[in-house]
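1. could you work out the structure for the sequence below:
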Amino acid sequence: MKKNVKIEKKSPLAFKLMFALIIAVTFAFVWFAGYVFAEKNVEKQAETTKVVIVMEPKSEAEPVFEVKEDVSVNNAKNEVVVEDVVEENKSVLQETVNSNLTPYVSIVVDDMGISAKHTEEILSIHAPLTSSFLTYGENLNTYAKEALEAGHEIMIHVPMEPMGAADLAPDTLKVSMSDDEIKEAFLEMLAKFDGIDVKGINNHMGSLFTQSAPKLDIIMTILKEKSLFFLDSKTTEYSQALEVSQIDEVPYIARDVFLDNENDYEKIKSRLEETEKIAEKTGFAVAICHPKSQTYEALKDWVDGLKDKNIKLIHLSDMIKLKK
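-> Okay, here's the model as predicted:
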């Protein structure tokens, strides 16, 4: 006799409910874990690192100033590479630096010691000007003493050969001279200023001579020995003075503006304003002028008006130190 076996089948609805419950629990767990992880990640990303950039003085003569730029950096690992931060914010930082700098201007007066009247006029301006005396000038010791008393510093304006025809000075350095002749001639120029506190030299004319690196090397070698700087008057765009000065380790600086190509008061004042703008933009500007009647008037008035401007007139040697 066969037994009747009754097999009970579970309802399909029960399976569906159980499966739905499993899915729901799994989803809830995944969601919760994801939420916690996301919160932690967001919290970590929200952490910021403050990068403070401090500009420190490079010499005792340089004014102390600080530029602080807070840079917030967010990333998943909360790591900061300072170089990257500075690079990314370079333009902002530079604007901040420039806004905190006092613009510095140096005025170099070339051709001093030739015209007694105009030399005395310039020396009557008591300010930190830089007087550059020609090597064939007269009364050098007397004028040098007056210049120092007026607060000027002293340079030597060295005649060098130009490209075109010109009325050359009696002791002009020429590219046709041998190395020994150049060395001897230059040392004779310097000897005229023995006992005078000379800080450096600049070229008078010299558009041809300053294109010759070998000839300039003779000059730079002597400047190095005597701890003198070189101001490039930039009478040619092809001057090799910068490159040679770097090789010979001679302090170098270049002229930015010529003030008095014309002996006209208004035009000279306009060029002085151009000099100010360069200094305000870059921090430094060098202008060259000459002892002329209208240059004297414009320069005197400009110096008198500096007290009302955020511009500092300094000796050229001080500017070279600041720009290092």
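2. how about the helices in the stretch 101-250 of the chain?
-> Secondary structure of the stretch 101-250 of the chain by DSSP state H, counting those that start in this stretch: the helices cover 116-123, 140-149, 179-191, 213-226, 241-248.
3. pull the CA atoms of the first one into CSV?
-> Same thing as helix 116-123. In CSV, the C-alpha atoms belonging to helix 116-123 read as follows (Å, rounded to 0.1, in the frame of the first residue of the first chain):
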residue,chain,number,x,y,z
ALA,A,116,82.0,124.4,-14.6
LYS,A,117,78.6,126.2,-14.6
HIS,A,118,76.5,123.2,-15.2
THR,A,119,78.5,120.9,-13.0
GLU,A,120,78.1,123.4,-10.1
GLU,A,121,74.4,123.5,-10.8
ILE,A,122,74.0,119.8,-10.4
LEU,A,123,76.2,119.8,-7.3
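4. tell me which residues are up against it.
-> Here helix 116-123 makes contact (C-beta atoms under 8 Å, 6 or more residues apart in numbering) with 109, 112-113, 129, 131, 137-139, 143, 146-147, 150, 152, 291-293, 296, 299. C-beta coordinates here come from the backbone N, C-alpha and C atoms, glycine included.
5. of the helices of the stretch 101-250 of the chain, which is nearest Arg271?
-> helix 116-123 (16.6 Å; C-beta to C-beta).
6. the closest one to helix 140-149, inter-axis angle?
-> Helix 116-123 and helix 140-149 meet at an angle of 20 degrees, taking axes from the mean of the first three to the mean of the last three C-alpha atoms, to 10 degrees as the criterion.
7. averaged pLDDT, helix 116-123. What do you get?
-> What helix 116-123 shows for mean pLDDT is 98.
8. next, the buried residues of it.
-> For helix 116-123, burial by neighbour count (16 or more other C-beta atoms under 10 Å) applies to His118, Thr119, Glu121, Ile122, Leu123.
9. output those as a markdown table; include the columns distance to Pro251.
-> Below are those laid out as a markdown table (distance: C-beta to C-beta, whole Å):
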| residue | distance to Pro251 |
| --- | --- |
| His118 | 29 |
| Thr119 | 26 |
| Glu121 | 30 |
| Ile122 | 24 |
| Leu123 | 25 |
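10. for those, which one is nearest Ile314?
-> Nearest to Ile314 among the buried residues of helix 116-123, with distances taken as C-beta to C-beta, is Ile122, at 17.1 Å.
11. the closest one and Asp110, how far apart?
-> 10 Å (C-beta to C-beta, to the nearest Å).
12. in the stretch 51-200 of the chain, which segments are predicted with low confidence?
-> Low-confidence segments of the stretch 51-200 of the chain (pLDDT under 70): 51-100.
13. equivalent analysis for the stretch 201-324 of the chain, please.
-> Checking the stretch 201-324 of the chain against pLDDT under 70 turns up nothing.
14. between helix 116-123 and the strand or helix carrying Val286, find me the angle.
-> Element membership for Val286 (DSSP states H and E) is strand 284-289. Taking the same axes, to 10 degrees, one finds strand 284-289 and helix 116-123 inclined to each other by 160 degrees.
15. would you agree Ser207 is in contact with Glu237?
-> No: Ser207 is beyond contact range of Glu237, at 9.4 Å (criterion: C-beta atoms under 8 Å).
16. who's more crowded, these two?
-> More crowded of Ser207 and Glu237, by other C-beta atoms under 10 Å: Ser207, with 20 against 7.
17. from Lys267, how far off is that one?
-> Distance from Ser207 to Lys267, by C-beta to C-beta: 23 Å.
18. ok, now Lys312?
-> Separation of Lys312 from Lys267 (C-beta to C-beta): 24 Å.
19. likewise for Thr172?
-> Applying C-beta to C-beta to Thr172 and Lys267 gives a distance of 29 Å.
20. quick one, which of those two is more surrounded?
-> Thr172 (20 against 15).
21. quick one: residues contacting the more buried one.
-> Contacts of Thr172 by C-beta under 8 Å, 6+ apart are Pro159, Met160, Glu161, Met205.
22. tell me how the chain divides into domains.
-> The chain resolves into domains spanning 47-101, 104-322 when parsed by automatic domain parsing.
23. and the end-to-end length of the longest one?
-> Across domain 104-322, the terminal residues are separated by 9 Å (C-alpha to C-alpha, to the nearest Å).
24. could we number from 641 for the rest of this?
-> I'll keep to 641 as the first residue from here, and by that count the last item is domain 744-962.
25. Ile934 against Asn903, yeah?
-> Careful, residue 934 is Gln; it's not Ile. Yes: counting by C-beta under 8 Å, Gln934 touches Asn903, with 4.7 Å between them.
26. looking only at neighbour counts, state which of those two leads.
-> Neighbours per residue (other C-beta under 10 Å) separate Gln934 from Asn903, with Gln934 holding more: 16 against 13.
27. how many residues are close by the closest residue in space to Ser957 that isn't next to it in sequence?
-> Counting by C-beta to C-beta, 6 or more residues apart in numbering, Ser957 lies nearest to Lys839, which is 4.4 Å off, once chain neighbours are set aside. Other residues near Lys839 come to 20 when the count uses other C-beta under 10 Å.
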